[in-house]
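Peer 1: Generate coordinates for the sequence data below:
(one chain, ligands or ions: 2)
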Amino acid sequence: MSFDRTIKIAPSILSADFADFGREIRAVEDQGADWVHVDVMDGHFVPNITFGPPAVAAFRRHVTTVMDVHLMIAPVDPYIEAFARAGADIITAHVEAGPHIHRTLQAIRGAGARAGVALNPGTPAEAVEHLLDLADLVCVMTVNPGFGGQRFIDMTAKVRRLRQMIGDRPVHIEIDGGVDPSTAPQLAAAGADVLVAGSAVFRGGSVSNSAPYGENIRAIRAAAQAALA
Ligand code: DX5
Ligand code: ZN
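Peer 2: Ligands and ions are numbered 1, 2, ... in the order given. Purely as a prediction, here's the structure:
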C-alpha cells in the first residue's frame, strides 16, 4: 500500500445488504471503489452494534483493494490483535474512546496494520497534534458516529487545519459521514483524500443491479476532483 493524496472513494458496507456482504464487496470494487470501509460498532461507544473480528475476517476473503476498519468501540486495545489478524489493512480508533490513544496507535502499528485516528465532530483538530507521527490516517467525522444516512455536519475548517498540521507527513485525511457529490468538493479542496460514503454509494443499486454503485462512485469522485482542478 503506497501513499498518495489522490482522491479515493471508500464505500461503507454499513449501507450494504447485511445478508450478502461478499457479493456487495465485490460489486463495489468492480464498480470502482478504491477502499472498502468497515464500520465496527459496540453498542457502548456508539448506540448501534454491527460486527466483530470473525465477520471482518470473512469480509477479508472478498476485499482485493484496501480493507479500512473503523472501530467505534471502547475499550479498543483488547481487540486490536483480533482485528489485525482478521486482515484489516488500516485500523482506526477514536481519540474519544479512552485516555491512551497514543498507546493504541502504537499497538495498531505493532500488530502490523496501518494506524488511523478518528475525531468526532465535537473534538478539535488539536487533539491529534501530538499523534501525527504515529498515524497513517486521520478520520474526520462529519456526522456523530453510529448510523449511516445522517445529515452532514460541516467540518471543512477542521480539515483545513489538519492539512496544515500534517504538512509533508504521509498521513491521509479521511472524511466519514454524509459524503455525497454536493459535500465532497469543499472537503477535497480543504485537503481530504479519502472519502467514505455509505448511503451515497449504495442508493439506487443492489448486487443484481450494481451499475448505480459505479455511477454513484464516479459522481462523488468527479465532484471532488473538479474542486482540485
Ligand atoms: C457512521 C459510519 C459511517 C457511515 C457513513 O458512524 O462511521 O462510515 O457508514 O454513512 P453515510 O455515508 O450514509 O453518512
Ligand atoms: Zn465509518
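Peer 1: List the contacts of Pro75.
Peer 2: 97-98 (Cβ atoms under 8 Å, 6 or more residues apart in numbering). For the C-beta atoms, the positions are set from N, CA and C on the backbone; glycine is no exception.
Peer 1: Check what pLDDT it gets.
Peer 2: As predicted, Pro75 sits at a pLDDT of 98.
Peer 1: Please, where are all the strands along this structure?
Peer 2: Secondary structure of the chain by DSSP state E: the strands cover 8-11, 36-41, 67-72, 90-94, 114-119, 137-141, 172-176, 194-197.
Peer 1: Export those strands to a markdown table and append columns for mean pLDDT.
Peer 2: Shown next, in a markdown table, are the strands of the chain (pLDDT from 0 to 100):
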| stretch | mean pLDDT |
| --- | --- |
| strand 8-11 | 99 |
| strand 36-41 | 99 |
| strand 67-72 | 99 |
| strand 90-94 | 99 |
| strand 114-119 | 99 |
| strand 137-141 | 99 |
| strand 172-176 | 99 |
| strand 194-197 | 99 |
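Peer 1: Next, format those strands as JSON lines and append mean neighbour count and distance to Gly205.
Peer 2: Output for the strands of the chain, formatted as JSON lines (neighbours: other Cβ atoms under 10 Å; distance: least, Cβ to Cβ, whole Å):
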{"stretch": "strand 8-11", "mean neighbour count": "26", "distance to Gly205": "11"}
{"stretch": "strand 36-41", "mean neighbour count": "26", "distance to Gly205": "16"}
{"stretch": "strand 67-72", "mean neighbour count": "26", "distance to Gly205": "21"}
{"stretch": "strand 90-94", "mean neighbour count": "28", "distance to Gly205": "25"}
{"stretch": "strand 114-119", "mean neighbour count": "23", "distance to Gly205": "27"}
{"stretch": "strand 137-141", "mean neighbour count": "25", "distance to Gly205": "25"}
{"stretch": "strand 172-176", "mean neighbour count": "25", "distance to Gly205": "21"}
{"stretch": "strand 194-197", "mean neighbour count": "28", "distance to Gly205": "13"}
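Peer 1: Distance to Phe152 for those - can I get that in a markdown table?
Peer 2: Listed next are the strands of the chain as a markdown table, based on distance: least, Cβ to Cβ, whole Å:
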| stretch | distance to Phe152 |
| --- | --- |
| strand 8-11 | 16 |
| strand 36-41 | 16 |
| strand 67-72 | 17 |
| strand 90-94 | 19 |
| strand 114-119 | 15 |
| strand 137-141 | 11 |
| strand 172-176 | 10 |
| strand 194-197 | 11 |
